[in-house]
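J.: Structure of the sequence below:
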Amino acid sequence: SSGKSALINALAGEAVAPMGVTPVTAVLHRFHWAKERRIAVETIDGEVKSEELEELQRITGTSDEAAKVREVRIGLPAGCLKDVEIWDTPGFGSNNLGHEIVARKALLEADLIAWITPIDHGFDRAEAAMIQRLAKGSAPVVVIVNKADLADDARDRDEAVAFIAEAVGEQAQHVVWASARRALEALAKGDPRLRGQSNFTKLE
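T.: Okay, here's the model as predicted:
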């Protein structure tokens, strides 16, 4: 519930990753470039079938449908996806061992790891220790402090980010704050002012 999917939606420029107040990403979602939006679902049996966006809600969270799915591949005509493929993994610490296994397997293949933590969440030793373990791999780690709009003001935001940066130390290449909610609002309203408040230009 760190806002991973919301952040990916804001980067992709379209609300396609499932979002919610509880953990909703149960399977790996791979976002890649395509001329037109297309969604393919691969089951654990190896079957691949096309799906509509509305149907993605059936295969998220802890539903019975999610247990049958290996991964979801989403093609979008988004500029940021021409050079990279973005993977939305289940989160760590969701009290679901299956979710954690999926996330760990994806990390082994990643070229860059974006660890997303919400600004209103106490950054604890377990989280710092996990980042330390990730930093020992070959992929660089970037820590994104999301939900920055929840801070009372810029000073509180910067203090919270500085606290997390100190806890992370040299384990991460960068620590940057962002507001996926503001970025999504900017997309919906076509408001560049809100886009600036989201810090997404720096994030990108």
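J.: Can you show me the CA trace of the biggest strand by length in the chain as PDB?
T.: The longest strand of the chain (DSSP state E) is strand 69-76. What follows is strand 69-76, C-alpha atoms only, in PDB (Å, rounded to 0.1, in the frame of the first residue of the first chain):
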ATOM      1  CA  VAL A  69      -2.200 -16.200 -13.100                       C
ATOM      2  CA  ARG A  70       1.500 -16.100 -13.600                       C
ATOM      3  CA  GLU A  71       1.800 -12.500 -14.900                       C
ATOM      4  CA  VAL A  72       0.000  -9.700 -16.700                       C
ATOM      5  CA  ARG A  73       1.600  -7.900 -19.700                       C
ATOM      6  CA  ILE A  74       0.300  -4.500 -20.500                       C
ATOM      7  CA  GLY A  75       1.400  -2.700 -23.700                       C
ATOM      8  CA  LEU A  76       0.800   1.100 -23.900                       C
END
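J.: Direction included, what does it pair up with?
T.: Paired with strand 69-76 in the same sheet, following DSSP bridges, are strand 28-33 (parallel), strand 38-43 (antiparallel).
J.: what comes into contact with the first one?
T.: When contacts are taken as CB atoms under 8 Å, 6 or more residues apart in numbering, the neighbours of strand 28-33 outside the stretch itself are 5, 8, 12, 16-17, 70-78, 81-82, 85-90, 102, 106. C-betas here are computed from N, CA, C, even on glycine.
J.: again with the last one
T.: Taking CB under 8 Å, 6+ apart as the criterion, the residues outside strand 38-43 that touch it are 16, 48-53, 55-56, 59, 68-75.
J.: Which strands or helices does the helix or strand that the longest strand of the chain is followed by pack on?
T.: Next along the chain after strand 69-76, taking DSSP states H and E as the criterion, comes strand 86-88. Judged by 3 or more CB pairs under 8 Å, 6 or more residues apart in numbering; DSSP states H and E, strand 86-88 is in contact with helix 4-12, strand 28-33.
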